[in-house]
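> Return atomic coordinates for the entry below.
(2 chains)
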Amino acid sequence: MNALDVTGVSVGRGGCRRVDAVSLSVARGELFGLIGPNGAGKTSLLRAVAQLTPHEGEVRVGGAWFAALSPAQRATRLAYLGQDDRAAWPMSVADFVALGRLPHRRAWARGPSAADTAAVQAAMAAMRLGALAGRRLDQLSGGERTRARLARALAVQAPLLLADEPIAALDPFHQLSVMNLLREHCARGGSIVVVLHDLTLASRFCDRVLLMHQGCAVAAGTPRQVLTPGNLQRVYQVQAMHGEHDDQSYVLPWQCRPLTPSEIPA
Amino acid sequence: MRPATLNGALGAAVLLLALVSLSLGPVALDADTLVPALLGGGEAGDALGQRHQAIVWDIRLPRVLLAVLVGAALGMSGAALQGLLRNPLAEPGLLGVSASASLGAVVCLYFGLTALSVWWLPAAAMFAATVATAVLYLVARRGAGNLTLILAGIALSSLAGALTSLAINLAPNPADVQDIVLWLLGSLADRSFDDVRLCLPFVLTGLGVLLSCGRSLDALTLGEDEAASLGVHLARLRARVILGTALCVGASVAVTGSIGFVGLVVPHMLRHAVGSHPARLLPASALGGALLLLAADGVSRLVSGNTELMLGVVTALIGAPFFFVLVMRARGEVPA
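The predicted structure is shown next:
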């Protein structure tokens, strides 16, 4: 059974559809990349999948029709990490990660259960946050804060994680380390849909990617199948270098190449 | 500090200050006279004991109970609104609930309805608070964000303020103007158990509603999308916080007039001690609000000479400079 099946999902009405009849499926243990230029509809698609915005089409998570579940049931099956990375209050990292356990807590529970504590510790260990547990959130660096936010999402222990551009503002070391940590999570059986802007990292780390352009799915498949010179030219208007290293293919966007009038499809 | 320890300490301080407050006044009571007076153990023939009992039960106890109730209501409302709006500068006054409740009271004073029945004024204050809440709820229900809610509150607040000024402007005689202005200053003086009975059910219901929002407010720390993904129903949460605030603030303004800054300053003072948890801040702010209002009332009674210092003036004088310092200090820490 797939971790996620999306069939014909559209967001927005009439002529200004931000997402237009997109379908995709994500297998268990898969790291799935959602790529496309700014305004392609990646975030809207992610929010539609998480039932955070009105949409048409069908979303199934772990085989269950997601819209039919109650918010509480949905909360334990799908964890969502948005782009807004500022927490309102400067709580400690351990307290912040524990917020991910709220869907599992009873309404008037006195404190965390043993399962809650174990989940928080596992999530912090997975994101290498052990040494930072007592630090305040506003005293962390950008990379540390991203790891704390991911740990918060992992603490939900949902089978599926949606993450919207988690590494966009990080330096290369933290970008690579966070992508490695995501891969580790998938190796443990988790499924992740991640929005990425960095095509090199997408080609290096994702099992499969979906390329979006103006709300539509342009191509889906392995990074090698999707990130072809033709697709990059058409969607991103860039030329890229394609290479191989350690039996992995990568792409490196190299220069702008705007479409000429004759190349723009009618 | 553990939440239970903090709440215990605050609770003990409230109790202690309440006892001190009961003993303070033109007739000073020490422990030997206060305890029998409080327990109603004065002997039948003991005229002095009966006088002490009357002072404690008819004058000071309603005042102390109101300070605790209203302080708790304002403190927790402030904490809940700050949690909902994810903004440390939010307070009941911000959403126009206080101003609207005051307007209701002022309209009553303007038309002289208080002469018909003492119940008119509280009823009008709570009615106005409810109308303000309903307007805010209609705004919140249509999926508007927090910014819209804050702006709606400011608009409501300005309108209520303008209408209040209009009432003062058009008041036919100076006595009415003085009534209105004194009401706006806020006070606990000359309150009876009737006032306690009037606000108690509303304040307790409001506090209960707000307390039930704790978990959802915790989740809201992560932002609206992520809170919703954790199972929080945002529209319902907004409605609950607004309802709880209207009950608390409407009932408070009804019996004490307008008392500012409690809902703003108390959560600020306690936020660090509770580890910035919105849920833990709720009960702590209720106790802290009770403590602050008891202290402010004590100050207003101690300082007063011939003219009673109004409680709203005292809280503003304590609160405003304190808040200014907090804002200056928090500038670098709290995101705008």
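
> And the pLDDT at A:His197?
Turning to A:His197, the model gives it a pLDDT of 93.

> and residue 127, what does it touch?
Using chain A. By CB atoms under 8 Å, 6 or more residues apart in numbering or on different chains, A:Met127 lies in contact with A:147-148, A:150-151, A:154, A:181. Where C-beta positions appear, they are placed from N, C-alpha and C, glycine not excepted.

> Chain B, not that one
Contacts of B:Phe127 by CB under 8 Å, 6+ apart are B:Gly104.

> What parts of chain A come near chain B?
A:47, A:50, A:52, A:70-72, A:74-75, A:78-82, A:84, A:86-92, A:95-96, A:99-100, A:102-103, A:105, A:107, A:138, A:152, A:156 (CB under 8 Å from any CB of the partner chain).

> Write a ChimeraX command that selects only the buried members of those.
Buried subset of the residues of chain A next to chain B, written as a ChimeraX selection, criterion 16 or more other CB atoms under 10 Å in any protein chain shown:
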select /A:47,50,52,74,75,78,79,80,81,82,87,88,89,90,91,92,95,96,99,100,102,103,138,152,156
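
> picking up where we left off before, in helices only, show me the contacts of A:Met127.
Assigned to helices by DSSP state H, the following of the contacts of A:Met127 qualify: A:147-148, A:150-151, A:154, A:181.

> Out of the residues you listed, the closest to chain B would be?
A:Ala148 (11.2 Å; CB to the nearest CB).

> The closest one: neighbouring residues, count only.
25 (other CB atoms under 10 Å in any protein chain shown).

> ok, it touching A:Arg128?
No. Using CB atoms under 8 Å, A:Ala148 is not in contact with A:Arg128, being 10.6 Å away.

> related to what we said a few turns ago, among the residues of chain A next to chain B, which are in helices?
A:47, A:71-72, A:74-75, A:95-96, A:152.

> Show me which residues of the stretch 1-150 of chain B sit near chain A.
B:86-87.

> low pLDDT regions in the stretch 1-150 of chain B?
For the stretch 1-150 of chain B, the stretches flagged by pLDDT under 70 are B:1, B:41-45, B:140-146.

> Show me what residue of it gets nearest to chain A.
B:Arg86 (3.8 Å).

> On the pLDDT front, check the closest residue to that residue other than its chain neighbours for me.
Distances taken as CB to CB, 6 or more residues apart in numbering or on different chains put A:Ala88 closest to B:Arg86, at 3.8 Å, once the chain neighbours are dropped. We note a pLDDT of 74 for A:Ala88 in this prediction.

> and A:Ala88, backbone torsions?
phi -70, psi -40 (degrees, to the nearest 10).

> So it sits against B:Thr221, correct?
Yes. With contacts counted by CB under 8 Å, A:Ala88 reaches B:Thr221, the gap being 5.0 Å.

> hey, what's in contact with both of these two?
B:Arg86.

> Could you pull up phi and psi at the residue nearest to the spatial centre of chain B?
Nearest to the mean C-alpha position of chain B, by CA atoms, centre = their mean, lies B:Leu74 at 2.8 Å. Phi and psi for B:Leu74, reported as degrees, to the nearest 10, are phi -70, psi -40.

> The spatially closest residue to it that is not a sequence neighbour - how many residues pack around it?
In space, and not counting its chain neighbours, B:Leu74 is closest to B:Val262: 4.0 Å by CB to CB, 6+ apart. Using other CB under 10 Å, B:Val262 is surrounded by 30 other residues.

> do you know how far B:Val262 is from chain A?
Using CB to the nearest CB, to the nearest Å, B:Val262 is found at 20 Å from chain A.

> again with B:Arg280
Counting by CB to the nearest CB - B:Arg280 and chain A are separated by 10 Å.

> Give me the neighbour count for that residue.
So B:Arg280, with other CB under 10 Å, has 23 neighbours.

> Mind pulling up the pLDDT for it?
93.

> just checking, it is part of a strand?
No. Secondary structure of B:Arg280 (DSSP: H, G, I helix; E, B strand; the rest coil): helix, not part of a strand.

> dump the residue contacts of it.
B:Arg280 neighbours (CB under 8 Å, 6+ apart): B:3, B:214, B:274.

> one more time with 10 Å, if that's ok
By CB atoms under 10 Å, 6 or more residues apart in numbering or on different chains, B:Arg280 lies in contact with A:95, B:2-4, B:6-7, B:79, B:214, B:218, B:270-271, B:273-274.

> Let me see the contact set for residue 223.
Just going to use chain A. So A:Pro223 contacts A:33, A:35, A:199-200, A:202-209, A:211, A:248-251 (CB under 10 Å, 6+ apart).

> my bad, chain B
A:82-88, B:86, B:229.

> now swap in A:Leu199 and tell me
By CB under 10 Å, 6+ apart, the contact set of A:Leu199 is A:33, A:35, A:209, A:211, A:223, A:226-227, A:232, A:236, A:238, A:240, A:250-253.

> let's see 8 Å
Counted by CB under 8 Å, 6+ apart, A:Leu199 has contacts A:35, A:227, A:232, A:236, A:240, A:251-253.
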